[in-house]
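S.K.: have a look at this prediction, sequence included:
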2 protein chains.
Amino acid sequence: MPKIVVTRNVGEDAMAILSSSPFEIIVNPDDAPASREWILDNISDPEVAGVCVMHGQPGDKVDEEFLERCGEGVKVVSTFSVGYDHINVKAANAKGIKIGHTPGVLSDSVADICVMLTLMTMRRVEEGIQLIKSGGWPTLPWAPFVMCGPSISSPNLTLGFLGFGRISQQTLKRLLVFTSKSHPPKVVYLSSRGRPNQAEIDADWTKEFGVSVERKEKDEIATESDILVVLCNQTPETVNLVDKAFLGKMKKTAVLVNGARGPIVNSEDLAVALNAGQIFGAGLDVITGEPNIGPDHPLVKAKNCVVIPHMGSADIDTRKKMAELCVRNAINGAKGEALLAEVKI
Amino acid sequence: MPKIVVTRNVGEDAMAILSSSPFEIIVNPDDAPASREWILDNISDPEVAGVCVMHGQPGDKVDEEFLERCGEGVKVVSTFSVGYDHINVKAANAKGIKIGHTPGVLSDSVADICVMLTLMTMRRVEEGIQLIKSGGWPTLPWAPFVMCGPSISSPNLTLGFLGFGRISQQTLKRLLVFTSKSHPPKVVYLSSRGRPNQAEIDADWTKEFGVSVERKEKDEIATESDILVVLCNQTPETVNLVDKAFLGKMKKTAVLVNGARGPIVNSEDLAVALNAGQIFGAGLDVITGEPNIGPDHPLVKAKNCVVIPHMGSADIDTRKKMAELCVRNAINGAKGEALLAEVKI
């Protein structure tokens, strides 16, 4: 009987879908990341037709070693994530293995977090929380402009996006309800080569969103944005996209939100910019080196930076949808059918 | 020359409006709260026609003593706030003194904060921040549902409001962009006697917001709400409105947001409910006893509660608008003209 290997129990509903499939399910019995050994041993079984892997577990890296150890029958590796930076897609495809992922279903929840981080950063919430936790509230003198930040309803803001895929568009849709109606924002976005596809380029975003939406170059986006949201894929071209030079071009009143992947923003350069007041603040759902980030990390310590532990897609409904899509990709792939969502590069 | 007393410099723009008025401006020279003595001495001058007071400064309380010490010429007391719980309005009116305040201009910024607190509470952001600050991120095991909270885009949510004035309506407008389109939320609200006025009662909120909006009793709102936002005025009737009995009726998965005044929610009862998991979480911009709230306050310590230091209206544009409205109320009142926004009870 052909098998599907699952490196982590993905919740009752999705496990039930697997159980009712025509495959034998080999699931890591522990409620903990599977060891590398467990994974490599189990995927090498010649009866394995599909593998479900997780993004946040180091042992789940789909690299040359993983692919070499895969049994001959493996037709699909399906990741419980939209990102696939832990997977060597080219090498997998070269071996005839399809890669499934979970786009779309987490757009809403990541967009929610990006809007939340935007508001938290503009309104100096991290500073407010630190004030209370350090015992400073009782002696904070009231003053008309104490603890004030820039207003999201200020006239004529510019909203900038690095990447303009599904999540950026959902984020924009939400941000617009907060912005000025009489002096609406304009929107500028960067798209890397190859993305968006032609259909997306041809889309009339200005009509879609009811405000001016323009594709621009990196430097213009840095210079013009009042709110800059990073939501592009991590690729060799986007690593360190937001670096010293980029930050140096930004407005002193601008806020930066990273809802994508840590390495797209250079942490050292951002810490320098924040501490020097070169930009107003930053809100980070992701950070280079995560989860090995301690309380002394300069970005965690900075008063004008809020860091949360990669919670973008962490809502219950979304994770259930991701789990379901992950196992359906694995089942379809193992059957030799088209995946519901395949990574194509 | 008739005078206006201002207990605190209210910023360049608003001070310029005062300076160009036909009044002599007596402003507290310090960038700090005026002492009670300074205030009482200065308002007793028979040439004083108007007084601008602040909400967050204890010496600015407009009580019997304050009113007794007011010179004969005082026609208006204008507060730099929408709330007027520091002012004995009846006693002032009985002496022929009008009370001005700053409603409307802060609706957007308080609504922004209420939405932010809703998202922070549902998505367990306080717990995430505490995890990082305590050094726990590196050893947090990834799991499909770790750190997950309820989704704001879940089908068929109920959004509850205590109070349904301007700020509630602005908050609702923003929340709706986050909620499910296919299974939209329904809205329930409480209005105390006398509020909303007849025009508001007659308004067709369901048509206005495109979802079902129903006025209900307190107990029904407690029982039905998935997201409960407190935005009513503080009055003797609303103090402790959210108490043990109310919290006991709420859903285990519900979140509570207070964007109004601390005493409307009983802190002890809320702490018990949060620690017992009786509700999912709370987000508080205001808290009884503020600003005398230390890091050991049970609500500050609770992992499922985020407390921020009363920052609802703390954005620069909003505070400028409040300052302008405050001084224009004072000028109009001192001239014997109608205020732009008068407290009428």
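M.R.: Okay, I see it.
S.K.: what residues does the stretch 201-345 of chain A put near chain B?
M.R.: Residues of the stretch 201-345 of chain A lying near chain B by CB under 8 Å from any CB of the partner chain: A:290-295, A:300, A:306-309, A:311, A:314-319, A:322-323. Placement of C-beta: from N, CA and C, glycine included.
S.K.: now do 6 Å
M.R.: Residues of the stretch 201-345 of chain A lying close to chain B (CB under 6 Å from any CB of the partner chain) are A:291-295, A:300, A:307-309, A:311, A:314-317, A:319, A:323.
S.K.: which helix or strand contains the residue sitting nearest the centre point of chain A?
M.R.: By CA atoms, centre = their mean, chain A has its centre lying nearest to residue A:260, at 3.3 Å. Per DSSP states H and E: residue A:260 is located in neither a helix nor a strand.
S.K.: phi, psi for it please.
M.R.: When read as degrees, to the nearest 10, the backbone of residue A:260 gives phi -110, psi -90.
S.K.: longest strand of chain A, counting residues only.
M.R.: Scanning chain A for the longest strand, with DSSP state E as the assignment, gives strand A:48-54.
S.K.: mind listing the strands for chain A?
M.R.: Assigned strands in chain A, in chain order: A:3-6, A:24-27, A:48-54, A:76-80, A:98-100, A:158-162, A:186-190, A:213-215, A:227-230, A:255-258, A:281-284, A:305-307 (criterion: DSSP E).
S.K.: tell me how far residue A:58 lies from chain B.
M.R.: Here residue A:58 is placed at a distance of 9 Å from chain B (CB to the nearest CB, to the nearest Å).
S.K.: that older thread, ok, the residue nearest to the centre of chain A - contacts?
M.R.: Residues in contact with residue A:260 (CB atoms under 6 Å, 6 or more residues apart in numbering or on different chains) are A:230, A:231, A:232.
S.K.: just the closest of these to chain B, please.
M.R.: residue A:231 (17.0 Å; CB to the nearest CB).
S.K.: pull the number of nearby residues for that closest one.
M.R.: By other CB atoms under 10 Å in any protein chain shown, the residues close to residue A:231 number 28.
S.K.: the helices in chain A, which residues?
M.R.: A:12-19, A:36-43, A:64-69, A:89-94, A:107-122, A:125-133, A:166-176, A:198-202, A:205-209, A:218-224, A:244-249, A:267-275, A:298-301, A:316-334 (DSSP state H).
S.K.: quick one, phi psi at the residue lying closest to residue A:99 once chain neighbours are set aside?
M.R.: Among residues not flanking residue A:99 along the chain, residue A:343 sits closest, at 4.2 Å (CB to CB, 6 or more residues apart in numbering or on different chains). Main-chain dihedrals, residue A:343, degrees, to the nearest 10: phi -70, psi 120.
S.K.: how much space separates the closest residue to residue A:182 other than its chain neighbours from residue A:251?
M.R.: Leaving aside its sequence neighbours, residue A:182 sits nearest to residue A:155 (CB to CB, 6+ apart; 7.0 Å). Residue A:155 sits 15 Å away from residue A:251 when distances are taken as CB to CB, to the nearest Å.
S.K.: the more surrounded of the two?
M.R.: Using other CB under 10 Å, the more surrounded residue of residue A:155 and residue A:251 is residue A:251, with 17 against 12.
S.K.: which residues touch the closest residue to that one other than its chain neighbours?
M.R.: Distance criterion CB to CB, 6+ apart; nearest residue to residue A:251, sequence neighbours excluded, is residue A:226 at 6.5 Å. Contact analysis of residue A:226 by CB under 6 Å, 6+ apart lists A:157, A:158, A:254.
S.K.: helix or strand with the lowest mean pLDDT in chain A?
M.R.: Each helix and strand of chain A was given a mean pLDDT (mean pLDDT, DSSP states H and E); the minimum falls on helix A:198-202 at a mean of 60.
S.K.: distance check, residue A:27 against residue A:100.
M.R.: Residue A:27 is 17 Å from residue A:100, by CB to CB.
S.K.: ok, residue A:266 next?
M.R.: 31 Å.
S.K.: neighbour count: the two, which is higher?
M.R.: A count of neighbours by other CB under 10 Å puts residue A:100 above the other of residue A:266 and residue A:100, at 28 against 21.
S.K.: which residues touch that one?
M.R.: For residue A:100, the residues meeting the contact criterion (CB under 6 Å, 6+ apart) are A:76, A:78, A:329, A:339, A:342.
S.K.: out of the residues you listed, who's the most crowded?
M.R.: Within those, neighbour counts (other CB under 10 Å) peak at residue A:78, which reaches 31 neighbours.
S.K.: can you pull the contacts of it?
M.R.: When contacts are counted by CB under 6 Å, 6+ apart, residue A:78 touches A:52, A:100, A:326, A:329, A:330.
S.K.: same deal with residue A:284?
M.R.: A:258, A:307.
S.K.: in this structure residue A:302 contacts residue A:274, no?
M.R.: Yes. Residue A:302 lies in contact with residue A:274 (CB atoms under 6 Å); the separation is 4.7 Å.
S.K.: and the two? Which one has more around it.
M.R.: residue A:274 (22 against 19).
S.K.: now do the end-to-end distance for stretch A:272-283.
M.R.: Length of stretch A:272-283, first residue to last, CA to CA, to the nearest Å: 15 Å.
S.K.: just how off-centre is that stretch within its chain?
M.R.: Counting by CA atoms, centre = their mean, to the nearest Å, stretch A:272-283 is centred 22 Å from the centre of its parent chain.
S.K.: pull out the buried positions in it.
M.R.: The neighbour-count check on stretch A:272-283 (16 or more other CB atoms under 10 Å in any protein chain shown) flags A:273, A:274, A:278, A:279, A:280, A:281, A:282, A:283 as buried.
S.K.: find the nearest non-adjacent residue to the third one, please.
M.R.: For residue A:278, ignoring the flanking residues on the chain, the nearest one in space by CB to CB, 6+ apart is residue A:247 at 6.0 Å.
S.K.: how much space separates that neighbour from residue B:337?
M.R.: 51 Å.
S.K.: now swap in residue A:97 and tell me
M.R.: In terms of CB to CB, residue A:97 sits 79 Å off from residue B:337.
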